[in-house]
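**Q** give the three-dimensional model of this entry:
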Amino acid sequence: MTQIEPKEEQAVPSLKKLPQWFRQKIPNKETIKNMKDLMRDSDLHTVCEEAHCPNMGECFKEGTATFMILGDVCTRRCGFCAVESGEPRRINEQEPAEVAKAVKALNLKYVVITSVTRDDLEDGGAGHFARTIGEIRKSMPEVKVEVLIPDLENNISSIETVVHSKPFVVGHNIETVRRLFDKVRPQADYERSLAVLKNIKVIDDSILTKSGFMVGLGESKDDIIVLMNDLKDARCDILTIGQYLAPSKDNRHFKVERFVDPIEFKEYEDLSRVIGFKHVMSGPLVRSSYRAEIVIQR
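**A** Take a look at the predicted model:
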């Protein structure tokens, strides 16, 4: 591992116009409708829809989606997130089996499972993750499963439940730099998120760990270098870096401070490889679960 020391510099001034590199082809409406119908018929949710992901059309066209389990209401309220927050609904005990059916119907080879944060549950929803992985394995044992988990309050028992279900990758997103963390994620904790990644490796060193963060919230390059070093010290294997896009103009959501140029994203990718990450994807439209099966090949 190579430690890179940050240099003193100023953050790039904010831009007000959406840059040209965000332009995408208009997605096929019929394809999106068919995918949404499949999810609604099974009473399932995707983070693609709930988080207003800009890549939804592309992913749905390829027959891929990131399943969001444990409902669509989060017990936390982060200033960057589009997911509804409040009092969660009752858990659908049939959801693991329904996810497995959808995976089979789509004939997926690589599946990503994430969830809202459920601080109301004793295990944070860890058991539900494990059951979902188990149901997928019953019907399609060759499928690789990646999970993107909340911090589970760094409860070791809960983390063990997820890890012992043997997913291929366990991810937990840090989301932003240390300096902005309390402001962006007031109900989370920077050190706790790092500890979650460390503990996954303590429990099972063979499992790949993954984290991701956004840029454009007011961080500097110095902040990002510190963050990448912290993640590597936490033994994180896979890193994703993407542009923050405000889900709405509502005051509860942070405004975009700047749009990061693709050249700068490439610089971050190169830096992260020098630091020692095994797999990296960095770009304006990159999201933690975007083309997840491709990331592990880069």
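**Q** okay, strands next: where are they in the protein?
**A** When assigned using DSSP state E, the strands of the chain occupy the ranges 45-46, 66-69, 73-74, 84-85, 110-115, 144-148, 169-171, 208-215, 238-243, 279-282.
**Q** how many degrees apart are the fifth one and strand 144-148 in direction?
**A** Okay, so that is strand 110-115. 20 degrees (axes from the mean of the first three to the mean of the last three Cα atoms, to 10 degrees).
**Q** any idea which of the strands of the chain gets closest to E95?
**A** strand 66-69 (5.7 Å; Cβ to Cβ). C-beta: built from backbone N, CA, C; applies to glycine.
**Q** dump the residue contacts of I203.
**A** 156, 159-160, 163-164 (Cβ atoms under 8 Å, 6 or more residues apart in numbering).
**Q** neighbour-wise, which one of the residues you listed leads?
**A** I159 (27 neighbours; other Cβ atoms under 10 Å).
**Q** ok, for that one, nearest residue in space, not its chain neighbours?
**A** Nearest non-adjacent residue to I159, counting by Cβ to Cβ, 6 or more residues apart in numbering: N199, 5.4 Å away.
**Q** bridged to I238, which residues?
**A** Beta-bridge partners for I238, by DSSP bridges, are K210, H279.
**Q** where in this protein is pLDDT low?
**A** Scanning the chain with the threshold set as pLDDT under 70 gives 1-17, 22-65, 295-298.
**Q** same thing but at 50, please
**A** 8-15, 50-51 (pLDDT under 50).
**Q** now the helices for it?
**A** 29-41, 47-50, 56-61, 95-105, 126-139, 156-163, 178-184, 190-203, 221-233, 262-275, 292-295 (DSSP state H).
**Q** how far does the fifth one sit from the chain's center?
**A** When distances are taken as Cα atoms, centre = their mean, to the nearest Å, helix 126-139 is centred 19 Å away from the chain's centroid.
**Q** flag every buried residue along it.
**A** 126-133, 135-136 (16 or more other Cβ atoms under 10 Å).
**Q** just put the residues you listed in JSON lines and tack on distance to K249.
**A** Formatted as JSON lines, the buried residues of helix 126-139 follow (distance: Cβ to Cβ, whole Å):
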{"residue": "A126", "distance to K249": "36"}
{"residue": "G127", "distance to K249": "38"}
{"residue": "H128", "distance to K249": "34"}
{"residue": "F129", "distance to K249": "34"}
{"residue": "A130", "distance to K249": "39"}
{"residue": "R131", "distance to K249": "39"}
{"residue": "T132", "distance to K249": "35"}
{"residue": "I133", "distance to K249": "38"}
{"residue": "E135", "distance to K249": "40"}
{"residue": "I136", "distance to K249": "38"}
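**Q** and the two most separated of those?
**A** Most distant of the buried residues of helix 126-139, by Cβ to Cβ, are A126 and I136, 16.1 Å apart.
**Q** compute the number of surrounding residues for E98.
**A** By other Cβ under 10 Å, neighbour count at E98 equals 19.
**Q** sorry, wrong one. I was asking about G124.
**A** Using other Cβ under 10 Å, G124 has 27 neighbouring residues.
**Q** and what of E257?
**A** For E257, using other Cβ under 10 Å, the count is 18.
**Q** next one: the one 3 residues further on
**A** Using other Cβ under 10 Å, the number of residues around V260 comes to 27.
**Q** that one and R185: what is the separation?
**A** Distance, V260 to R185, using Cβ to Cβ, to the nearest Å: 20 Å.
**Q** I'd say M214 and G242 touch.
**A** Yes - using Cβ atoms under 8 Å, M214 is in contact with G242, at 5.9 Å.
**Q** ok, V260 - contacts?
**A** Contacts of V260 by Cβ under 8 Å, 6+ apart are 12, 215-216, 243, 284.
**Q** rerun that using 10 Å as the cut-off
**A** 12, 15, 19, 21, 214-216, 219, 224, 241-244, 267-268, 282-284 (Cβ atoms under 10 Å, 6 or more residues apart in numbering).
**Q** likewise for G134?
**A** G134 neighbours (Cβ under 10 Å, 6+ apart): 96-97, 100, 145, 165-166.
**Q** what do you get if the cut-off is 8 Å, keeping everything else the same?
**A** By Cβ under 8 Å, 6+ apart, the neighbours of G134 are 96, 165.
**Q** same check on V73?
**A** Counting by Cβ under 8 Å, 6+ apart, V73 touches 83-89, 116.
**Q** what about it, distance to T117?
**A** For V73 relative to T117 (Cβ to Cβ), the value is 10 Å.
**Q** go on, V170?
**A** Distance from V170 to T117, by Cβ to Cβ: 16 Å.
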